[in-house]
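In: return atomic coordinates for the entry below.
(chains A and B)
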Amino acid sequence: GNSVTQMEGPVTLSEEAFLTINCTYTATGYPSLFWYVQYPGEGLQLLLKATKADDKGSNKGFEATYRKETTSFHLEKGSVQVSDSAVYFCALVNSWTNTGKLIFGQGTTLQVKP
Amino acid sequence: DTAVSQTPKYLVTQMGNDKSIKCEQNLGHDTMYWYKQDSKKFLKIMFSYNNKELIINETVPNRFSPKSPDKAHLNLHINSLELGDSAVYFCASSQAVLAGDPETQYFGPGTRLLVL
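Out: Presented below is the predicted three-dimensional model:
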């Protein structure tokens, strides 16, 4: 079946530190991959996405590359800010089945301290 | 302008009651979803409707009944509420499968349900 696994949180960093949140997936067919972000008390917002192998998604200084050989989609940012503190979700949609069903990882909480 | 809206934002109720959560999207999307987020932040799909037709039903207890009066609205009715129903419920929408970007889902702000 389809599944997404993220690194355990919380991740605590100082401002301007480098961020990596690991995400690996299991899927049949050719999934599209997403990172969503949930700020405290809010809904989810799409952060970035990639729809095929070797695509790089990027937004607001965050990047993730779709690696088919390692079935990974790790999220990175070169210099985090306090305002980046949130819960980050890796997710996939299996284009093979095309039902639009998003499969989420368990979420990783990021805390950035000044 | 709010793209995907939900009401109410908070809902506190007693066990055994029946309650509804409403969702509306003004994006012109054809597909709408309900997700449940538990206390550990884990998100799982419950239902999906495409143009008022049910396409995903993820083994949710039949106390939960989605209703889509038109493609801009997807409401969730819950009968005989139980303690375990306490969670945050998110509505989302996406474009039609044959449109430009059918895979990106846009989420509402969530409804925080507490069953006492």
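In: may I have stretch A:6-24 exported as PDB, CA atoms only?
Out: Below are the C-alpha coordinates for stretch A:6-24, written out as PDB (Å, rounded to 0.1, in the frame of the first residue of the first chain):
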ATOM      1  CA  GLN A   6       8.700  11.400   8.400                       C
ATOM      2  CA  MET A   7      11.400  11.900  10.900                       C
ATOM      3  CA  GLU A   8      10.200  12.200  14.500                       C
ATOM      4  CA  GLY A   9       9.900  15.600  16.100                       C
ATOM      5  CA  PRO A  10      10.100  18.000  17.600                       C
ATOM      6  CA  VAL A  11      13.000  19.500  15.800                       C
ATOM      7  CA  THR A  12      14.400  22.500  17.700                       C
ATOM      8  CA  LEU A  13      16.800  24.900  15.900                       C
ATOM      9  CA  SER A  14      18.300  28.300  16.500                       C
ATOM     10  CA  GLU A  15      17.400  31.100  14.000                       C
ATOM     11  CA  GLU A  16      19.500  30.900  10.800                       C
ATOM     12  CA  ALA A  17      20.300  27.200  11.300                       C
ATOM     13  CA  PHE A  18      20.100  24.700   8.400                       C
ATOM     14  CA  LEU A  19      16.900  22.600   8.300                       C
ATOM     15  CA  THR A  20      16.400  19.100   7.100                       C
ATOM     16  CA  ILE A  21      13.200  17.100   7.600                       C
ATOM     17  CA  ASN A  22      13.400  13.600   6.200                       C
ATOM     18  CA  CYS A  23      10.600  12.000   4.300                       C
ATOM     19  CA  THR A  24      10.400   8.700   2.600                       C
END
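In: list of residues touching that stretch?
Out: Stretch A:6-24 is contacted from outside by A:4-5, A:33, A:35, A:64, A:70-82, A:84, A:87-90, A:105-114, using CB atoms under 8 Å, 6 or more residues apart in numbering or on different chains. All C-beta spots, glycine's among them, are computed from the backbone N, C-alpha and C.
In: and it, what's buried?
Out: The neighbour-count criterion (16 or more other CB atoms under 10 Å in any protein chain shown) identifies A:Gln6, A:Met7, A:Gly9, A:Val11, A:Leu13, A:Leu19, A:Ile21, A:Cys23, A:Thr24 as the buried residues of stretch A:6-24.
In: make a markdown table out of those and add distance to B:Pro66.
Out: Formatted as a markdown table, the entries for these read as follows, by distance: CB to CB, whole Å:
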| residue | distance to B:Pro66 |
| --- | --- |
| A:Gln6 | 28 |
| A:Met7 | 34 |
| A:Gly9 | 32 |
| A:Val11 | 35 |
| A:Leu13 | 40 |
| A:Leu19 | 37 |
| A:Ile21 | 32 |
| A:Cys23 | 30 |
| A:Thr24 | 32 |
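In: could you work out the most separated pair of these?
Out: By the measure CB to CB, these have their two most distant members at A:Leu13 and A:Thr24, which lie 21.3 Å apart.
In: in chain A, where is pLDDT below threshold?
Out: Within chain A, the set of residues satisfying pLDDT under 70 comprises A:95-99.
In: just the strands in chain A please.
Out: Residue ranges of the strands in chain A, as given by DSSP state E, are A:3-6, A:11-14, A:19-21, A:23-26, A:31-38, A:44-50, A:56-59, A:62-65, A:75-77, A:86-94, A:102-104, A:108-113.
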